[in-house]
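Student: When you get a sec, could you give me coordinates for this:
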Amino acid sequence: MSRSAFISRRDGRYLFRARLPACLSPKSGSAFRISLRTADYKTAKLRAARIASWMLSVKVAEDPESALLALWPRLQALAVEPVCGEEDRVDRAAFQGVAFEAQYRVRLGGRKPDQVVPGWDEHFVALVRENSRANNEREKSSTVLSRIEEKRALYAAVASPAPPPTGHAAPAAPDFRPPAAAAASVDRYTRRTMSEVLKEFLDAREQQDGDRRADSDIEPVVRFVIELLGDPVMLDFNGEHLLKVKRALPAIPTPLGFAPSERSLYFRWQWAAKNGWTVEKKGKAIKLKRVSETTLIGRYESGLNTFWKFAIEHWFAYEPAPNFESSSKYNPPAAERDAFKPDELYKFFASPPFTGCHGIARRWTPGTAFVQDYFYWAELIEVLCGMRPSEIAQLRCRDILELYGKLHFRYAPLSIEQQEKHRFDPQTGGTRGKSASAFRWVTIHGLIIRLGILERRDAIVAAFIDRKVAELGGRQKLSAEQLDDIEIEAHEEWLFPDWKVYVKNTGEIKWSHVLTKAFTYGIEKLGMDRAGLVNYSGRHTFKGFLDDLKGLSERSRLVVFGHSTKKDVSSRYGPKFISEEQSEIIQKLSSKQIWRLALILIRAKRKAECGDLRTVSAWRDDQRAQDVKLQRALAKRKEQYS
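Tutor: Got it, this is the predicted structure:
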């Protein structure tokens, strides 16, 4: 025994004392003490030596977190094993004391043990419960009543007709083993490598999502962890693995500067780690940038949490899930989305796409063409109706309907006929929304009606009917029922067929991708590319218009915006769709900004009507009908709810 550990005798029992490592007692080193109940000094010394031996591994730790990592393997082993006897009970009690001190020091440092070592709390609680059970059994066996029962059982065995044992044996030590079910509870876990679990996860998500979007949203970051750690068995994931992942995630560069074949997360991270943060491309030095905090939280951390939750639910990993929260001062913070400032609003809507451009292909070049294309309408509907870009992109001609005698966009998962048919047998699929609250009636602002949204719809419907009737030989050959069917089919046409939709290889449809690119290009051309000004800013601007209204409750704003009304008990009560009063307020929504905006847009519309500008029927440029990937994705979606 060393000077920092010694044994003393008191009241017929031996006490083992040891100085805790410096990392667990930073001031003076507190003494750790445990009672070794034995009258044999030699036995006490041997047991104390065993305890001191594994305590030495903690002494090399530089801080409490390192000590926790050093204790983790031993804790994993003890937490799932029952107490086997007196010697094991003493060993476990000593370990519990040191482990408690280590986690206490970690908490003093402002962190939780589970943040350092995932699963620590669960295993430590299991250790404490088993130790407490064993101590209770031992105390119970040392009482006078327990000894009387032991003697009674012994005398009953001697008096029984069964043949006595050949030799006299001392009473057996109390059994410290827990029930068999508790020891066997770990059998439900399955040892699978992370890559094997990832395959199961992606297949399950395809069934849940209807496409392979998880392949691009979640798989890249999980694949990064697999390559970083060498594809470990998920049950073996420990604190060292977690620390390595949390150090690496903030050091991943953005794809800028890398070729398409070099854009995997692990390749980018490894390249920056070996070669620094500058890359040479075609003789030009490109400064690499770290991913933003938004990417770290919204994609990497969220993706890993979703994957780990799946693994825990299916017994491929221990709970709780690790905390993958990670960042550094080098990661740029998230830029908050902002609304248009008044001067930005006027400048944007006075630009060529709204007042006269060169043509569809040269939208941002001034000219004499008046093009009311998808970009024109989408930006206006965002600002004056507050719809999300992806919602606008999915509108069909049949989605412009009257409600309370006013025109509305009916944003719904199915058409009126289909919804009535499936009213008692709901089907998934159809139009996609951010949530169930996104499906709603949206009042069409009077300015949008005045600019000709109805004329656009009617032109699309009429063109489809004329084409279909001509293909079938003319109206004289068709019955009234056939003509009605053609008209219904015509109203199923897209309201914005010129809006090309981006479909990923996973089958996921990115409705607003093209609009966002066009908006970003435009504000750069106009010199308006400030932080926070994004395509979504139109919706934020509409929210600002609503905030200035008096007499419109917060719950009404939630309904109008398609946000959840389940935030509190009060918000749950009331109509789930827009009321007549709310509809009237939105349609007549007015302010100084809207008035000036209307002046700009109506003036351009009048020039087109007078012939000063050449009107272009942008809706004839159908970008969706011949898009094979889109039609394939839509056909698959149709199968899900037909």
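
Student: Check which element follows the helix or strand of the chain with the lowest mean pLDDT along the chain.
Tutor: Lowest on mean pLDDT, DSSP states H and E among the helices and strands of the chain sits helix 180-183, with a mean of 40. Remark: after helix 180-183, the chain's next helix or strand is helix 194-209, criterion DSSP states H and E.

Student: Run through who's touching that following helix.
Tutor: With contacts defined as CB atoms under 8 Å, 6 or more residues apart in numbering, helix 194-209 is touched by 192, 212-215, 218-219, 222-223, 225-226, 229, 231-234, 237, 307, 310-311, 314, 316-317, 508. C-beta coordinates here come from the backbone N, C-alpha and C atoms, glycine included.

Student: From those, list just the buried residues.
Tutor: 192, 212-215, 218-219, 222-223, 225-226, 229, 232, 234, 237, 307, 310-311, 316-317, 508 (16 or more other CB atoms under 10 Å).

Student: Return the subset of the residues you listed lying in helices.
Tutor: 214-215, 219, 222-223, 225-226, 229, 307, 310-311 (DSSP state H).

Student: mind putting those in JSON lines, pLDDT and distance to Trp72 included?
Tutor: Listed next are these as JSON lines, based on pLDDT from 0 to 100; distance: CB to CB, whole Å:
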{"residue": "Ala214", "pLDDT": "86", "distance to Trp72": "31"}
{"residue": "Asp215", "pLDDT": "86", "distance to Trp72": "34"}
{"residue": "Glu219", "pLDDT": "92", "distance to Trp72": "29"}
{"residue": "Val222", "pLDDT": "95", "distance to Trp72": "23"}
{"residue": "Arg223", "pLDDT": "94", "distance to Trp72": "26"}
{"residue": "Val225", "pLDDT": "95", "distance to Trp72": "19"}
{"residue": "Ile226", "pLDDT": "95", "distance to Trp72": "22"}
{"residue": "Leu229", "pLDDT": "94", "distance to Trp72": "16"}
{"residue": "Phe307", "pLDDT": "95", "distance to Trp72": "22"}
{"residue": "Phe310", "pLDDT": "93", "distance to Trp72": "24"}
{"residue": "Ala311", "pLDDT": "93", "distance to Trp72": "19"}
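
Student: Put together TSV for those residues, with distance to Ala251 on each row.
Tutor: Converted to TSV, these look like this (distance: CB to CB, whole Å):
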residue	distance to Ala251
Ala214	25
Asp215	24
Glu219	20
Val222	18
Arg223	17
Val225	14
Ile226	17
Leu229	15
Phe307	21
Phe310	26
Ala311	25
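
Student: now, among those residues, which is nearest to Glu262?
Tutor: Arg223 (14.6 Å; CB to CB).

Student: Please tell me how far that closest one sits from Gly527.
Tutor: Distance from Arg223 to Gly527, counting by CB to CB, to the nearest Å: 40 Å.

Student: swap in Trp315?
Tutor: 57 Å.

Student: which of the two has more neighbours?
Tutor: Legend: neighbour count by other CB atoms under 10 Å for Trp315 and Gly527, higher for Trp315 (16 against 8).

Student: I'd guessed the more buried one sits against Arg191; true?
Tutor: No - using CB atoms under 8 Å, Trp315 is not in contact with Arg191, being 10.2 Å away.

Student: residue contacts, Leu546?
Tutor: Each residue near Leu546 by CB under 8 Å, 6+ apart is listed here: 386, 552, 557, 560-561, 589.

Student: List just the nearest of these to Tyr266.
Tutor: Of all the contacts of Leu546, Tyr266 sits closest to Phe561, with 40.0 Å by CB to CB.

Student: how many other residues sit next to the closest residue to Tyr318 other than its chain neighbours?
Tutor: Excluding its sequence neighbours, the residue lying closest to Tyr318 (CB to CB, 6 or more residues apart in numbering) is Gly119, at 4.9 Å. Per other CB under 10 Å, the neighbour tally for Gly119 reads 24.

Student: Mind pulling the model confidence for Gly119?
Tutor: Per-residue confidence (pLDDT) for Gly119: 85.

Student: Quick check: Val560 touching Ile586?
Tutor: Yes - using CB under 8 Å, Val560 is in contact with Ile586, at 6.4 Å.

Student: Return every residue with contacts to both of these two.
Tutor: In contact with both Val560 and Ile586: 443, 578, using CB under 8 Å, 6+ apart.

Student: Okay, buried residues for the helix or strand that contains Val90 please.
Tutor: Val90 belongs to helix 86-108 when assigned by DSSP H and E. Of all the residues in helix 86-108, those buried under the rule 16+ other CB under 10 Å are 86, 89-99, 101-103, 105-106.
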